[in-house]
Structure formats: C-alpha cells, structure tokens
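**Q** Need coordinates for the following:
(one chain, ligands or ions: 1)
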Amino acid sequence: MTTCRLCGSSNLAGVLDLGATPPCERFLTEEMLGEPEITYPLHLRICADCRLAQIPPLITPEETFTEYAYFSSYSTSWVRHARAYVDDAVERLRPSFVVEVASNDGYLLRHVVERGIRCLGIEPSANVGRAAKEAGVPTRTAFLGPETGAAVRAEHGPADLVVANNVYAHVPDVVGFTEGLRALVADDGWVSIEVQHLLTLVELNQYDTIYHEHFQYYTVASARRALATGGLALVDVELLPTHGGSIRLWARPEDAAGEPSDRVVEVLDREKAAGLHDMSGYVEFADRVATLRRDLLRFLVDAAAEGRTVVGYGAPGKGNTLLNHCGIRPDLLRYTVDRNPYKHGRYTPGVRIPILPPERIALDRPDYVLVLPWNLREEITGQLAYVREWGGRLVFPIPALEVV
Ligand SMILES: [Zn+2]
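**A** Numbers count the residues shown, from 1 in each chain. As a prediction, the model looks like this:
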C-alpha cells in the first residue's frame, strides 16, 4: 500500500505491525488441514494527512463475503441491540421505507418487517442472505457501490432511513460505498452507521479487532471526512458499548444536514485530547500490545506446565488475530467452542484450534476457559456460570489479562 484510500496521500506512518496472519473468517475443514494456507501482512498505518487508520486491501470483500460464516442471530445480545435500535429509530423518524446494507441474516430488518414497514436488505453473502429471505426479510444479494445504490433507488424509490452497521470498516472502496449510501437515501432522509471506534481500540488495547477484513478504523473526525466524500454530512454521534466501543454516526445529505450536534463536538474534543488527531496518541500502542501478548503467553505456558487444562470460548474473527499474533496452538489451547454450528468440526485459521459445540465444556470440566469474544463479557459470564461448579475460572485477554 503506497497511498491513503481516502485522500490519496503517500504519507502513511506505521502504527502496529501484527506480523502475517491468514484471513480470519477462513475456518478450515478437516480436508483443508493438508493444504497450504496463505498469510498476509497485518500492519496498521495512519495517514499523516487525513488521519485515516488503515491496512492494505490484500483480501477483497468478494473473497470473504460470498460464502460467509457469521450469522448475527446467534448472538442474543446482538439481536436485543438491533431490536432496541429499530424501536428507537422508528419512533423518532417514522420511516416508510428502510434499507439496510450488509443486512446479514435479517437480524435487524425482521423487527422492521414485524412493524409492517417496507424494507430491503442488501447483503453480499448468498448463504447468509438466504437465511434472511427464509425469515421473511426481502433481501438483494449485492455489494453496495454507486451502481447498486442507483439501481435500488430506481426500483424501490429513495429510503427514509439507510442503516449500515458493521460494514463501514469492511469496504476497501470507502468512497464508492459512501456514494452508494447517498444514492440510496432520500434527499431529506437519514443514514445511520455503526462502526468500531478507534478511540476505544487504542485506549483499551483492542488490537485483535484489527484484521484483514477491516480495512479502516475510524475516529469521528476521519469518519466525517469519509462521509463527506459521498456528499453526506455528519449530524450526530452516539457512543455504544458494542464491539468493546463503537460509534453510531447519523448523517444526512449535505443540503438537509444543518449544524452538527453538541455530542459531535464533545467526542471530537475527546479524540483530540487522546492525541488521535495527530500522531501522539499512537506512540505507545505497540508497546502495550506486546505486553498483553507476553502476559497471555506466560499464563498459558504456566498452566500447561502445571498440568491444567485451558479451552477457549467462542471462535470470533478477532480471536484469530489474537491466536495467530500470540502463536497459540492446541498444546496451549486444546480447543474452542462456538454456538454457530457452521463452525463445528472446523479449525481456526493459521493456528488450527479445533472448534466444538459449547456442550463440550461441561463434559470436560477444564480448569480455565479463555473467552475470545471478550466484548460480550457480561453475556458470556452468564452463559458460563456453570464452570464455577467444578472450580473452573474464566480468562479475559483484553484490555488486560484477567482471571476471574
Ligand atoms: Zn489520507
């Protein structure tokens, strides 16, 4: 990568080099274990001119998302989050047509359908989109760009509300995607985007959320610049606890936008104070990540030496950055479990940890359970309460190693 994908500058500064890792959604079948696995360098850089944090687009979304393993409906808290969002947005905006981009298995739009409001999902993964259609959510299999946006507008009319959650980081052509959003939304409509916040990523050492499928990492300042490339203006921002810290950006076509809210000004001030509007906030990030890696490895090596068993909980994409960066193989982590049956019998990419159904934990009664989706700490602590019956303990690797 030689130039910034937002502003074209060649002034990119390295911030964190995580080595070379495989694509984090490429879970391996038994047969694939005998085949070579390609790894790609995972190096986060910041544009010194526009401050967009980015990694090179070495893996295209077409490679990742055509057949995708992630079904949002498997996360209880995620479904609850989507319902609360729909309740609030419908109440305030009274939309008559809602479009969701990257609508996954219809986990959000099914609440819109329930209310009798017209809607359409745009989802690139055929297998995930099929699940949405089966749940009664109209879904079009496509990636969003200016052409798809214009085609949907021509066929269905402009949308009063366009939702784009957990996708704005996943698009290497952020300018084309933003133009697609602008094509979808009515001239007096709203665009609502949820994306991870770079402020919490840096402050809480969430280095495992950096992976090949996430091409850019936003502050509110850099997101505002990205939105402007497609003719959208940032109006409001909410701070959310999802993914360990996300932002919900509310944007409108420039002519309808008006002044940004006080909340926008407040979050921009916090980012600036944290040194994220220049390079100073990134200086010690790599050192903190190195410390976290050593702490986790020391714990796992000691547990193995003492004959204690450690298994994992969850096989999220970010777990694969952590496992590969730290070099954790089945001698240190016997297996992990996941609620998604698609992953059962498969192996995590790179380090090849077997993935089993969650029931396996109660059968084996391990001494420690390493929680890879640490962002769902509360939900998972509840689900794993039974581990205490045999004196087992939970291990959280981020923001700092914690055994509870
Ligand atoms: Zn730039």
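**Q** can you give me the offset of stretch 291-301 from its chain's centre?
**A** Relative to its parent chain, stretch 291-301 has a centroid offset of 24 Å by C-alpha atoms, centre = their mean, to the nearest Å.
**Q** same deal with stretch 271-278?
**A** With C-alpha atoms, centre = their mean, you get 22 Å for stretch 271-278.
**Q** Kindly check the end-to-end length of that stretch for me.
**A** With C-alpha to C-alpha, to the nearest Å as the measure, stretch 271-278 spans 10 Å from end to end.
**Q** in stretch 361-379, what counts as buried?
**A** By 16 or more other C-beta atoms under 10 Å, the buried positions in stretch 361-379 come out as 361, 366-377. Placement of C-beta: from N, CA and C, glycine included.
**Q** Select from the residues you listed every entry located in strands.
**A** Among those, DSSP state E puts 368, 369, 370, 371 in strands.
**Q** continuing past the worst-scoring helix or strand of the chain on mean pLDDT, what's the next helix or strand?
**A** When each helix and strand of the chain is scored by mean pLDDT, DSSP states H and E, helix 61-65 comes last, with a mean of 67. Sequence order places helix 76-93 as the next helix or strand after helix 61-65, per DSSP states H and E.
**Q** distance between that next one and the chain's centre?
**A** Worked out by C-alpha atoms, centre = their mean, helix 76-93 lies 18 Å from the chain centre.
**Q** Which elements pack onto that helix?
**A** The contact analysis (3 or more C-beta pairs under 8 Å, 6 or more residues apart in numbering; DSSP states H and E) places helix 76-93 against helix 109-114, strand 159-165, helix 377-383.
**Q** Figure out which of the ones you listed is closest to residue 250.
**A** Residue 250 lies closest, by C-beta to C-beta, to one member of the helices and strands packed on helix 76-93: strand 159-165, at 10.2 Å.
**Q** what residues are up against the closest residue to residue 245 other than its chain neighbours?
**A** What sits nearest to residue 245 in space, not counting adjacent residues and going by C-beta to C-beta, 6 or more residues apart in numbering, is residue 200, at 2.6 Å. For residue 200, the contact set (C-beta atoms under 8 Å, 6 or more residues apart in numbering) comprises 206, 244, 245, 246.
**Q** quick revisit: so can I have JSON lines of the buried residues of stretch 361-379 showing pLDDT?
**A** Shown next, in JSON lines, are these (pLDDT from 0 to 100):
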{"residue": "361", "pLDDT": "98"}
{"residue": "366", "pLDDT": "98"}
{"residue": "367", "pLDDT": "98"}
{"residue": "368", "pLDDT": "98"}
{"residue": "369", "pLDDT": "98"}
{"residue": "370", "pLDDT": "98"}
{"residue": "371", "pLDDT": "98"}
{"residue": "372", "pLDDT": "97"}
{"residue": "373", "pLDDT": "94"}
{"residue": "374", "pLDDT": "94"}
{"residue": "375", "pLDDT": "90"}
{"residue": "376", "pLDDT": "88"}
{"residue": "377", "pLDDT": "92"}
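**Q** In these, find the pair that's most separated.
**A** 367 and 375, at 23.9 Å, using C-beta to C-beta across the buried residues of stretch 361-379.
**Q** picking that back up, now, which of the buried residues of stretch 361-379 sits nearest residue 328?
**A** Distances from residue 328 to the buried residues of stretch 361-379, taken by C-beta to C-beta, are shortest for residue 370, at 8.6 Å.
**Q** my guess is the closest one meets residue 311, correct?
**A** Yes - assessed by C-beta atoms under 8 Å, residue 370 is found in contact with residue 311 at 7.3 Å.
**Q** residues shared between the contacts of the two?
**A** 333, 336.
**Q** picking that back up, buried deepest among the helices and strands packed on helix 76-93, which one?
**A** Most buried of the helices and strands packed on helix 76-93, by mean neighbour count (mean count of other C-beta atoms under 10 Å): strand 159-165, with a mean of 26.
**Q** For that strand, C-alpha coordinates in CSV please.
**A** Output in CSV follows, covering the C-alpha atoms of strand 159-165 (Å, rounded to 0.1, in the frame of the first residue of the first chain):
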residue,chain,number,x,y,z
ALA,A,159,-35.1,5.3,1.5
ASP,A,160,-36.1,7.4,4.5
LEU,A,161,-33.6,5.5,6.6
VAL,A,162,-30.5,3.7,5.4
VAL,A,163,-28.8,1.5,8.0
ALA,A,164,-25.2,0.3,7.6
ASN,A,165,-24.0,-1.5,10.7
